[in-house]
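> With the sequence up front, the predicted model follows.
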Amino acid sequence: GNSVTQMEGPVTLSEEAFLTINCTYTATGYPSLFWYVQYPGEGLQLLLKATKADDKGSNKGFEATYRKETTSFHLEKGSVQVSDSAVYFCALNPGMRGGYNKLIFGAGTRLAVHP
Amino acid sequence: GAGVSQSPSNKVTEKGKDVELRCDPISGHTALYWYRQSLGQGLEFLIYFQGNSAPDKSGLPSDRFSAERTGGSVSTLTIQRTQQEDSAVYLCASSPGTPGLTQETQYFGPGTRLLVL
């Protein structure tokens, strides 16, 4: 089957700290991988994505590399800001070769960054 | 341009009543998706439309849930005889629906927060 597992939160960091949020997946076919972010009181926004193995997605200082050998897509940022406080969701889309066209989400990880 | 819009933004209803939730996708997007976000279940896929047809309804939790899409644009999610466990945020998303290209980026609306008393 298809599933996503991400580290439980909340993750609490001081400003300028290094961030890693772990995400691993199981999938049939050749999935695309995504990180979505939900800021307080706002809707889901795409943060970054990768469509094939070894691709690196990046946006706003965040990065994640699609690792097929470890079935992982960990989110990293070198120096977090207070404005990064949000809930982060890892997701996969199995695609039609995997029999589907839909997003399967992890449980979400809440990040709180303090000044 | 305009993003995905949903209405109403909030809905409070009594147990046993029917509700209709509306989604307006991004103009020109032929693929449309409904998801549900609840405390207990996280973010769950409900249904996927390509044009007016729904090739994947596998996430609809019961036969009380149905959805339709007309004119390849607006979609309505209907919940009949609502139950308290239906309380959640219902999210709609759309993507271009480029033929032969699945796994496109999905763009989400702000959601409808449903509370069943």
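Thanks, I have the structure now.
> Show me which residues of chain B are close to chain A?
By C-beta under 8 Å from any C-beta of the partner chain, the residues of chain B that approach chain A are B:31, B:33, B:35, B:42-45, B:48, B:50, B:55-56, B:59, B:91, B:93, B:102-103, B:105-111. Just so you know, the C-beta spots here come from the backbone N, C-alpha and C atoms, and that holds for glycine as well.
> Quick one: buried ones out of the residues you listed?
Buried members of these, counted by 16 or more other C-beta atoms under 10 Å in any protein chain shown: B:31, B:33, B:35, B:43-45, B:48, B:50, B:56, B:59, B:91, B:93, B:102-103, B:106-111.
> how many neighbours does A:Gly108 have?
Counted by other C-beta atoms under 10 Å in any protein chain shown, the residues lying close to A:Gly108 total 20.
> same deal with B:Ala88?
21.
> Now do B:Leu101, the pLDDT please.
We have a pLDDT of 64 for B:Leu101.
> And for B:Gln41?
Looking at B:Gln41, its pLDDT reads 78.
> Name the nearest residue to it, sequence neighbours excluded.
Leaving aside its chain neighbours, B:Gln41 sits nearest to B:Ala88 (7.9 Å; criterion: C-beta to C-beta, 6 or more residues apart in numbering or on different chains).
> Run through the residues of chain A sitting next to chain B.
So chain A meets chain B at A:31-32, A:34, A:36, A:42-46, A:49, A:51, A:89, A:91, A:93, A:95-96, A:100-108 (C-beta under 8 Å from any C-beta).
> again, only using 10 Å
Proximity of chain A to chain B (C-beta under 10 Å from any C-beta of the partner chain) is limited to residues A:4, A:29-34, A:36, A:38, A:41-46, A:49, A:51, A:89, A:91-108.
> so where's chain A uncertain?
A:96-100 (pLDDT under 70).
> For A:Trp35, give me its contacts.
The neighbourhood of A:Trp35, defined by C-beta atoms under 10 Å, 6 or more residues apart in numbering or on different chains, consists of A:6, A:21, A:23, A:45-50, A:57, A:59, A:62-64, A:73-75, A:88-91, A:106.
> So which of the buried ones among the residues of chain B next to chain A sit within helices?
Assignment to helices by DSSP state H places none of those there.
> one step back: list only those of the residues of chain A next to chain B flagged as buried.
Buried members of the residues of chain A next to chain B, counted by 16+ other C-beta under 10 Å: A:4, A:29, A:31-34, A:36, A:38, A:43-44, A:46, A:49, A:51, A:89, A:91-95, A:98, A:100-108.
> Pull the distance from stretch B:62-77 to the chain's centre.
Remark: stretch B:62-77 is offset 8 Å from the chain centroid, using C-alpha atoms, centre = their mean, to the nearest Å.
> what about that stretch, average pLDDT?
On average, the pLDDT along stretch B:62-77 is 95.
> buried residues in it?
Neighbour counts using 16+ other C-beta under 10 Å place B:65, B:67, B:69, B:72-73, B:75, B:77 of stretch B:62-77 among the buried residues.
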